[in-house]
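In: Prediction below, plus the sequence it came from.
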Amino acid sequence: MSTVHLGIPSVRPQHASPGSHLRGEQGFPAAARDELGNETLRGNLRHATSTIQSKRSAVVREVRDWQKLRNAGSALKWQVTDHLPELLEQLEASVTAAGGVVHWARDAEEAGEIVTRLTLERGAREVLKVKSMATQEIGLNEVLEHAGIRAIESDLAELIVQLADDTPSHILVPAIHRNRAEIREIFLAAMPDLDPSITDEPSELAEAARRFLREKFLDMPGSVAISGANFAVADTGTLVVVESEGNGRMCLTLPRTLISVVGIEKIVPSFQDLEVFLQLLPRSSTGERMNPYTTLFTGVHDGDGPEDFHLVLLDNGRSAVLEDPEGRSALHCIRCSACLNVCPVYTRTGGHAYGSTYPGPIGAILSPQMTGMTGTDDPNSTLPYASSLCGACYDVCPVKIDIPEILVHLRTKDVDRRREEHGEFRSTWDVALKGASRLMSSPRAYDIAVRAAGPVSSMLPGKNIGKLPGMLPLMPGWTDHRDLPKPGPSFRTWWDQREKDRAEQGPVTDAEASAAASVPASGTEDDTGAEGAGNEERS
């Protein structure tokens, strides 16, 4: 049995290997600026994410103990991160006892070498794949192609992305950035013998993909398939794959050899724990009460399913995340994508702006931890800032990952790193915040500054302050991308004017006060009744 060392202080966990698809070529601000100019992308995202949000909200409201389920899911995930080495060794023993073979991969290169070797040893030159983010993370398709092996995605959305020579932009819906007309053109260009009269109706596009994949499935006996897993059960060695189409189940049952690449964080302690996650995941991801296809498989069995099963347990930076007590809960993610669908940043920029296999809020905390933030020029150093910190991601997370808190933690680490590298490093943020600190520590100085802002801004045209010159600290970065409203009167100014007006009016008599108190606040009895009815309905 292998010896597992995770989170051991004497062994420095390594970050993800450079060959991983976890780091883009440019920082988030530059990439997002490019994506924001794509009107088609923004329209597709707006329609898709709002639809998924509505479905999710409806099915979550049906569950009276939803918050208790979230608490249970969070507690189970904390149990996993607190006892990950022991659980992984238990999983290895269970899979081995069931007839499977377990391989340990420290990084993307090792995982790719293992899968390539197993495939070549079986003489396969073409493999079918189940939708898997772990295999995208390690660039497995490209590794296999370099070895002369063609990998074919069986998930419809993944197939669209692959045929377009594109990359996924959403955890749940990889082709969310493509519309029907684009998909039709992709199929016509990539699928042989496709009738050119095909329209962009979803039913026709799905039928074309079905025919294309069925020909591949017919050649499956004696071949190799590759999958990931949503969950891996430590006490039984069972792997779980959930999907909506059924193509994944074909890949999991028809081939002679099945290779599953699974991140070490996907483990759950017991089979009974699936009861919690199989309620949380479908509602949070697809807005369904249960997934149409939930496939569970344990080792090998004569005459049933693959004859040869290999499990590749992937680290690739996960132990580095585990090392950080404040950031390790990012490993709790069950890949539901709920945080993407509510994020005001993701829903406008899409997934490609993040440059990683893992986009959106979860990618903004997971990718930088897996790769490390190596310097100012590192694109992943910008990801923790790709958020408004509105907290919507935490509200919908089924396992209660406090993403905003981890984002702030990673921002702090980035600033501390830059200070260490540059000594007494002073950016425009430092100058501006130090000045604000001194200003706010003096009530008199603060009052003078606030009172002066109103008259100065009134001299400017329009309702908003325009783009400020770059010589000023901090503010130009705001006005480059946002409207800065002109300041109105300060509270002190308003209060002084109020007191002055009251003094001019003279004291209020008891009769005037009684008359004012007897007037209904809403103006009329009808208005009051309507307001009362509204309050009753809200309660």
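Out: Yep, that arrived.
In: In stretch 95-115, which residues are buried?
Out: Across stretch 95-115, burial judged by 16 or more other Cβ atoms under 10 Å covers 95, 98, 100-105, 107-112, 114-115. In short, each C-beta sits where N, CA and C put it, glycine included.
In: ok, now stretch 399-414?
Out: Neighbour-count burial for stretch 399-414, counted by 16+ other Cβ under 10 Å, picks out 399-407, 409-410, 413-414.
In: Name the residues that touch it?
Out: Contacts to stretch 399-414, defined as Cβ atoms under 8 Å, 6 or more residues apart in numbering, come from residues 70-71, 73-74, 77, 280, 326-327, 329-330, 332-334, 339, 361-362, 364-365, 368-369, 373, 381, 383-385, 387, 389-391, 393-394, 397.
In: List the residues that contact Pro292.
Out: Per Cβ under 8 Å, 6+ apart, neighbours of Pro292: Glu243, Ser244, Glu245, Gly246.
In: all helices of the stretch 301-450 of the chain, in order?
Out: Here the stretch 301-450 of the chain has its helices, by DSSP state H, counting those that start in this stretch, at 318-322, 338-342, 346-349, 360-371, 392-396, 403-422, 428-440, 443-458.
In: Hmm, I typed the wrong one, I wanted the stretch 151-300 of the chain.
Out: Assigned by DSSP H, counting those that start in this stretch, the helices in the stretch 151-300 of the chain fall at 156-163, 180-190, 202-217, 247-253, 274-285.
In: could those helices be laid out in a markdown table, adding mean neighbour count and mean pLDDT?
Out: As requested, the helices of the stretch 151-300 of the chain are exported to a markdown table (neighbours: other Cβ atoms under 10 Å; pLDDT from 0 to 100):
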| stretch | mean neighbour count | mean pLDDT |
| --- | --- | --- |
| helix 156-163 | 21 | 91 |
| helix 180-190 | 16 | 92 |
| helix 202-217 | 15 | 88 |
| helix 247-253 | 22 | 89 |
| helix 274-285 | 22 | 96 |
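In: Please produce CSV containing those, extended by distance to Leu313.
Out: Below are the helices of the stretch 151-300 of the chain laid out as CSV (distance: least, Cβ to Cβ, whole Å):
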stretch, distance to Leu313
helix 156-163, 23
helix 180-190, 34
helix 202-217, 28
helix 247-253, 18
helix 274-285, 19
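In: now for these, which one comes closest to Glu62?
Out: When these are compared by Cβ to Cβ, helix 274-285 sits nearest Glu62, at 8.5 Å.
In: what sits up against that closest one?
Out: Helix 274-285 is contacted by residues 56, 59-60, 63, 69-70, 72-73, 76, 172, 230-231, 233, 240, 242, 268, 288-291, 294, 334-338, 396-399 when judged by Cβ under 8 Å, 6+ apart.
In: Stretch 33-52 now?
Out: With Cβ under 8 Å, 6+ apart as the criterion, stretch 33-52 contacts 170, 172-173, 176-179, 286-287, 337, 340-342, 346-350, 352-353.
In: Among these, the buried ones, what's the PyMOL command?
Out: Burial among those is assessed by 16+ other Cβ under 10 Å; the matching PyMOL selection reads:
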select buried, resi 170+172+173+176+177+178+179+286+287+337+340+341+342+346+347+349+350+352+353
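In: Low-confidence ranges, this structure, go.
Out: For the chain, the stretches with pLDDT under 70 are 1-12, 220-222, 422-429, 454, 456-462, 465-482, 508-539.
In: With just CA atoms, put the biggest helix by length in it into CSV.
Out: The helix spanning the most residues in the chain, taking DSSP state H as the definition, is helix 39-61. Output of helix 39-61 as CSV, limited to C-alpha atoms (Å, rounded to 0.1, in the frame of the first residue of the first chain):
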residue,chain,number,x,y,z
GLU,A,39,-22.1,41.3,-27.1
THR,A,40,-23.1,37.8,-28.1
LEU,A,41,-21.2,36.3,-25.2
ARG,A,42,-22.9,38.7,-22.7
GLY,A,43,-26.3,37.9,-24.1
ASN,A,44,-25.8,34.1,-23.9
LEU,A,45,-24.5,34.4,-20.4
ARG,A,46,-27.4,36.6,-19.2
HIS,A,47,-30.0,34.2,-20.6
ALA,A,48,-28.3,31.0,-19.4
THR,A,49,-27.4,32.0,-15.9
SER,A,50,-30.7,33.7,-15.2
THR,A,51,-32.6,30.5,-16.3
ILE,A,52,-30.4,28.3,-14.1
GLN,A,53,-30.8,30.6,-11.2
SER,A,54,-34.6,30.6,-11.5
LYS,A,55,-34.7,26.8,-11.6
ARG,A,56,-32.4,26.4,-8.7
SER,A,57,-34.4,28.8,-6.5
ALA,A,58,-37.6,26.9,-7.2
VAL,A,59,-36.3,23.5,-6.2
VAL,A,60,-34.4,24.8,-3.2
ARG,A,61,-37.6,26.3,-1.8
